[in-house]
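1. Build me a model from this:
(one chain, ligands or ions: 1)
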Amino acid sequence: MTFQFNFTVEDHLGNELTPFGDEDLTLGSSKESSVSESQKGQWGYRKCSTEQFNLPQDDFWEHKSVGNAAPSEDRDNPLRAANSADTLEPHKKQPGLRVAKEHAMPQDLKKVLENKVVGTLPGLQHISVSIVKTTLLEKNFPGENIVSKSFSSHSDLITGVYEGGLKIWECTFDLLAYFTKARVDFAGKKVLDLGCGSGLLGIIAFKGGAKEIHFQDYNSLVIDEVTLPNVVANSTLVEENGINEPAVKRVRTSKQAQQPFKYRFFSGEWSEFCELVLRSEKFFVKYDLILTSETIYNPDYYSTLHETFLRLLDRNGRVLLASKAHYFGVGGGVHLFQKFIEERNVFETRTLEIIDEGLKRVLIELTFKHSS
Ligand SMILES: C[S@@+](CC[C@H](N)C(=O)[O-])C[C@H]1O[C@@H](n2cnc3c(N)ncnc32)[C@H](O)[C@@H]1O
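-> Alright, predicted model coming up:
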C-alpha cells in the first residue's frame, strides 16, 4: 500500500540541516498543519556532541531477560482470558508477520547518540529523524531497508514492511499537550508506549515519574535508530538542565531521580509482541497506562490492537489514544475504531478532546467495562 497522510513536524517546520525532507515522500496534495505557532517557535536543532550528555551508569538501565513460560489462565471470560499468553481468539498466523524481539540497551550509550542531531521541544530532547534517514540512506543500511523502500515508494507507510515510525506524527503532540492540560499522573505507573516511533510519549511518562516504561514499534530499525537515542538523549537532562516540566516537578524528587528506571524496548507486530512480553515473566505485570498515537489508521489491524489492549492492560488501567478523525486512503479513523470497540463490548470509550483545526483529531480513553 502506498500511502501518505501526514507531515513530519520536524520537516514541516523547516530545518536547514535536512538534506531531504518528507516533502519527497509526499504524494500530491498539500500538507496540512495544525502545529501551533508556539510549537514552531520552540523547535530547534543543534549538533549533538555525546560529551554534552552525562550518560547514566549501567545500573540506570535495568533489563529483564525474556523466556519464561506464560501463566495458564481461565479462558471462559474475556477479561480472565486476557491474562493468558495464548491468544483469546485463535490468532491466524499470517506469513511475514514481523516477529517480535527485545532490544538490549547498548553497552556504550554514548555511541547511541553518535552522528545524531538533537532538537528541543519544551521539556524534551529529540533527535532529527531526517538526519537519521539521510545517514541510513548514505550508509546503505544493511538491516531493514525501510528508509530506501519508503523513499522509493514515496510512502510513509508500507503495510507490513514499514508502519511509519520514522516520523513524529501530529497526534503525538496532541497527546503531549493533553498530558500537561489534564495533569496526567504517571507516578509509579507501568507504562507502554505502543507504536512508539520517536517514543516521546513514553519519555514524558518517564519524566513524570513512571516506574517502568516499555516501548514498542513495528520496526526494529526505528527502535535502534530513533527511540533508543531519544531515550538516551533525555535520560539525564531532566535534572541537569532544570527543564521546567510541571509534571516532573510534581513527582520527581532528587532521590527518585537517582533510582534506576526500567526501560524495555521491543520491535515486532502487536500479536507477536504480546506473546513475547507475556512469556517474558512468569507473572507478567500488566500496564497501568497504554499510550498510543496514530495507530488506528488501518482497520485490518483493529482486531490485533484490541486484543493487545485486552491482554496487556491492567483491569483498572486505561489507554490514552490519539488519532486523526479519518485516515484518507487507508480507511481507518476514530468513528470506525469506536464502533469496533463497541461491538467487542469489552472496553468503554470516552472522548477526551476533539481538535478541530487542520485535519480533525480526537483523543480518546479506553477502560475496561468491568474493572476489578
Ligand atoms: C503512524 S506511526 C505513529 C508513530 C508514533 N506513535 C507517532 O505518533 O509519531 C504508527 C506506529 O504504529 C506501529 N504499528 C502500526 N501497526 C502495527 C502493527 N500491526 N503491529 C505493530 N506495530 C504497529 C508502528 O510501530 C508505527 O510506528
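
2. Please make it C-alpha for all contacts and neighbour counts, starting now.
-> Will do.

3. ok, now how distant is residue 370 from the ligand?
-> Distance of residue 370 to the ligand, computed by Cα to the nearest ligand atom, to the nearest Å: 26 Å.

4. and that residue, that one's in a strand?
-> No: counting by DSSP: H, G, I helix; E, B strand; the rest coil, residue 370 is not found in a strand; it is coil.

5. shift numbering so it begins at 32
-> Got it, the first residue is 32 from now on, which makes the last one we talked about residue 401.

6. and it, what does it touch?
-> 346, 377 (Cα atoms under 8 Å, 6 or more residues apart in numbering).

7. Let me know the pLDDT of it.
-> Residue 401 is assigned 79 on the pLDDT scale.

8. cool, and residue 48?
-> 25.

9. Over to residue 372: give its phi and psi.
-> Main-chain torsions, residue 372, degrees, to the nearest 10: phi -60, psi -40.

10. correct me, but it touches residue 338?
-> No: between residue 372 and residue 338 there is no contact under Cα atoms under 8 Å: 10.5 Å.

11. What count of nearby residues applies to the one residue in the stretch 282-403 of the chain that gets nearest to the ligand?
-> Nearest residue of the stretch 282-403 of the chain to the ligand (Cα to the nearest ligand atom) works out as residue 300 at 3.5 Å. Residue neighbour count, defined by other Cα atoms under 10 Å, stands at 24 for residue 300.

12. Please verify my assumption that residue 164 contacts residue 178.
-> Yes: the pair residue 164 and residue 178 qualifies as a contact (Cα under 8 Å) at a distance of 6.2 Å.

13. more crowded one of these two?
-> residue 164 (24 against 21).

14. What residues of whatever helix or strand the more buried one lives in count as buried?
-> Using DSSP states H and E, residue 164 sits in helix 160-170. Along helix 160-170, these residues count as buried under the neighbour rule (16 or more other Cα atoms under 10 Å): 160, 161, 162, 163, 164, 165, 167, 168.

15. before we move on, what about stretch 325-336?
-> Across stretch 325-336, burial judged by 16+ other Cα under 10 Å covers 325, 326, 327, 328, 329, 330, 333, 334, 335, 336.

16. residue contacts, the residue of the stretch 32-181 of the chain found nearest the ligand?
-> The ligand sits closest to residue 129 of the stretch 32-181 of the chain, with a gap of 7.8 Å, by Cα to the nearest ligand atom. Residues counted as contacts of residue 129 (Cα under 8 Å, 6+ apart) are 191, 249, 299, 300, 303.

17. what about the third one, distance to residue 131?
-> This means residue 299. In this view, residue 299 and residue 131 are 4 Å apart by Cα to Cα, to the nearest Å.

18. Could you do the second one as well?
-> Per Cα to Cα, residue 249 is found 8 Å from residue 131.

19. Spit out the residues that contact these two alike.
-> By Cα under 8 Å, 6+ apart, the residues touching both residue 249 and residue 131 are 298, 299, 300.

20. Quick one: neighbours of the first one, just the number.
-> Neighbour count of residue 298, defined by other Cα under 10 Å: 25.

21. partners of it in the sheet?
-> On the basis of DSSP bridges, residue 298 is bridged to residue 132, residue 248.

22. Okay, it and residue 331: tell me how far apart.
-> For residue 298, the distance to residue 331 (Cα to Cα) stands at 19 Å.

23. The second one now?
-> According to Cα to Cα, residue 299 and residue 331 sit 16 Å apart.

24. neighbouring contacts of the helix or strand following the helix holding residue 164?
-> Using DSSP H and E, the next helix or strand after helix 160-170 towards the C-terminus is helix 177-183. With Cα under 8 Å, 6+ apart as the test, helix 177-183 has contacts from 55, 56, 164, 167, 168, 187, 188, 189, 192, 193.
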